[in-house]
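> need a 3D model of the following:
(chains A and B)
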Amino acid sequence: MSATAPEPTAAKQPASAPRSTGSAPVAISGAVPAVLAAPTLASRARAFASASLARGQVEILQFFRSKDAVVFTLALPVVLLAMLASIFSGYVEHTSVRFSQVYTTGLLAAGLASTSFLNLAVAIATERENGGLKRLAGTPMPRTAYFVGKAIVVLVTCSLEVAVLLVFGHFLYHVAFPSTLGRWWTFIWVTLLGASDMALLGIAVSSVPRTARSAAPVANLPLLVLEFISGVFVPFTALSHTLYDFAGAFPLRWVAEGYRSALLPDFFQKVEPTHRWDHGTMALVLLIWCAASLLISAKTFRWTGRGER
Amino acid sequence: MQLVIEASALRKHYGATVALDGLDLEMSRGEVLALLGPNGAGKTTTVEILEGYRKRDAGQARVLGEDPEKAGSAWRARRGIVLQSCEDVVDLTVSECVRHFAHFYPAPADPGEVIERVGLTEKSGSRIRALSGGQRRRLDVALGIVGRPELVFLDEPTTGFDPQARRQFWDVVRDLSKEGTSVLLTTHYLEEAEALADRVAVVNRGRVVASGRPRELGGRQEAAARVSWLGPNGWERAETATPTALVRQLEATFGGEVPGLTVSRPTLEDVYLRLIGEENGEGEVKGL
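Model (predicted):
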């Protein structure tokens, strides 16, 4: 066998004919044995984009194929809203703002946390245990493409989840939409930044549980604690300052505050500890967590299961 | 002959357990090489080091001309891996899954052809969740070969197969080999090694203790033949380097047909057990 034709099937075809491939653009590079072809930046970028898109597509397909997961992910915040709204009906004292409006801000944050943080932590721990990650790591897939795929599915599911809660809240519990274009913009960037931030944290945390089965409880406990001290289920005004300040070290409290700034009238700022909605600090805390999660993931992410070295 | 695998003096330990103790292995292009050995002998560790999944503690390794620990994605596109039992991607169909993995390779095979080749065409629209164990395993093979690799790693590919499924699987491997694909196979089954492999390497206690063609392993072809027959006073047997002469002599003695005559040489299993047994015996003595 000649050195220039390391692929055995190439020998069966005339030397001049490029080997047939599934799609036309690949055929050009496919004619050159991979050993000799110096990968150009453009071809690498193309391979990366194609692998990332393929990952995103498959992630979304798999998410929507597990119907129970779809239904429960989307229903969770809606059901919580229904329960909270039935307990605390009516208006916040001396205002024309319904309790349901206030609770919606917290539930948006909690829903975002389960859809991004919790779902990813559990999904990745599962894929690590069932060999899915190992198999992908064995292919030429650029490893970053896997995370891009996760980002795509998280953004799609989070957007859907937030939209479902807002629409249900609007029609069933008189939840008002953001009142101005500026508030809509706040709503969108809080959702995108919050989802990315908590998704990255989910990736970092996915390496903690020892088995896929323990992933949900391991990720759930800290999340539940944060949900309580971040004013998601219990109004933050009922919490001690110490607790609420402690929650300020984590993303969830700031995401909830971000949603308040998008959905509540301005005079609600009075009850915040600093008497204002602090977008600057919020962005700073979330970005620090983004950077920290990336760093932790880069150091600790494993493509094979525990006990495999 | 070009070498696709060159490994020498590989060492690996997990805590206090020595998994590889100076393992040497070479494999030529186009060869089907079977790694045989008992559980814990170091087969999987060897394969995973060569695949690029594990880091070795010491020793040299080159696979397709590159160090698997340092090689990049162009190298990964040139070898295919069929892992031991994966339970992932259960919500995709066979066809979606093979197509998806084809995306990662620069010059993939046609997904439909690959599915045909592993005998899953009828199942190509089924969810992977609904496949039987054997079908699942064939899908694993499809995913390992869809990138048209030069070298395929098969780690215990037919564990749990029924005899018919195993034979179908052997045909897939023979086809790959016919096209010039190099195949490194680990297996527990001696008949599988004998049916498929050009060469067998027996691994025990982290080292290759013997290697050669299945027919010649451990001096099998030159080993003394065992002749047995039913004599006037019961069963008799003899070990001889010249069985033909002995049979002729027996024929003369009996004046024709020799009752209950068999002539046999050690099977691959006999040789294998001897190789493994000797090694283990030695180890036990050392252990005392």
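
> so how far is the top helix by length along chain A from its chain's centroid?
What stands out as the longest helix in chain A, according to DSSP state H, is helix A:143-173. How far helix A:143-173 lies from its chain's middle: 8 Å, per CA atoms, centre = their mean, to the nearest Å.

> only the buried residues of that helix, if you could.
When neighbours are counted by 16 or more other CB atoms under 10 Å in any protein chain shown, the buried residues of helix A:143-173 are found to be A:145-158, A:160-162, A:164-166, A:168-169, A:173. For glycine as for every other residue, the C-beta is placed from the backbone atoms N, C-alpha and C.

> could you identify the helix or strand that succeeds that helix?
Sequence order places helix A:181-205 as the next helix or strand after helix A:143-173, per DSSP states H and E.

> show me what that next one is packed against.
Applying 3 or more CB pairs under 8 Å, 6 or more residues apart in numbering or on different chains; DSSP states H and E, one finds that helix A:181-205 contacts helix A:99-113, helix A:119-129, helix A:143-173, helix A:212-229, helix A:251-263, helix A:279-300.

> now the closest residue to residue B:55 other than its chain neighbours, what are its backbone angles?
Counting by CB to CB, 6 or more residues apart in numbering or on different chains, residue B:55 lies nearest to residue B:69, which is 5.8 Å off, once chain neighbours are set aside. Phi and psi for residue B:69, reported as degrees, to the nearest 10, are phi -70, psi -20.

> could you report the pLDDT at residue B:69?
In this prediction, residue B:69 carries a pLDDT score of 92.

> mind checking which of the helices and strands packed on helix A:181-205 is nearest residue B:214?
With CB to CB, the closest approach to residue B:214 among the helices and strands packed on helix A:181-205 belongs to helix A:119-129: 36.7 Å.

> the inter-axis angle of the closest one versus helix A:212-229?
The directions of helix A:119-129 and helix A:212-229 differ by 170 degrees, with axes from the mean of the first three to the mean of the last three CA atoms, to 10 degrees as the criterion.

> that older thread, so the residue nearest to residue B:55 sits right up against residue B:53, yeah?
No: using CB atoms under 8 Å, residue B:69 is not in contact with residue B:53; the gap is 9.9 Å.

> so those two - more neighbours on which side?
residue B:53 (22 against 12; other CB atoms under 10 Å in any protein chain shown).

> what's the distance between the more buried one and chain A?
The spacing between residue B:53 and chain A, counted by CB to the nearest CB, to the nearest Å, is 6 Å.

> quick one: contacts for the nearest residue to that residue once chain neighbours are set aside?
Closest residue to residue B:53 apart from its sequence neighbours, by CB to CB, 6+ apart: residue A:304 at 6.5 Å. Counting by CB atoms under 8 Å, 6 or more residues apart in numbering or on different chains, residue A:304 touches A:128, A:133-134, A:137, B:53.

> can you list the low-confidence ranges for chain A?
Of all residues in chain A, those with pLDDT under 70 make up the ranges A:1-39, A:306-309.

> and stretch A:247-262, what's buried?
By neighbour count, with 16+ other CB under 10 Å as the criterion, the buried positions of stretch A:247-262 are A:247-248, A:250-262.

> of those residues, closest to residue B:17?
Distance ranking of the buried residues of stretch A:247-262 against residue B:17, using CB to CB, places residue A:250 first at 41.3 Å.

> wait, the closest one sits on residue A:230?
Yes: between residue A:250 and residue A:230 a contact is recorded at 7.2 Å, counting by CB under 8 Å.

> if we can go back for a sec, do you know which of the helices and strands packed on helix A:181-205 lies nearest chain B?
Closest of the helices and strands packed on helix A:181-205 to chain B is helix A:119-129, at 6.1 Å (criterion: CB to the nearest CB).

> next SSE after the closest one?
Moving toward the C-terminus from helix A:119-129, the first helix or strand encountered (DSSP H and E) is helix A:132-137.
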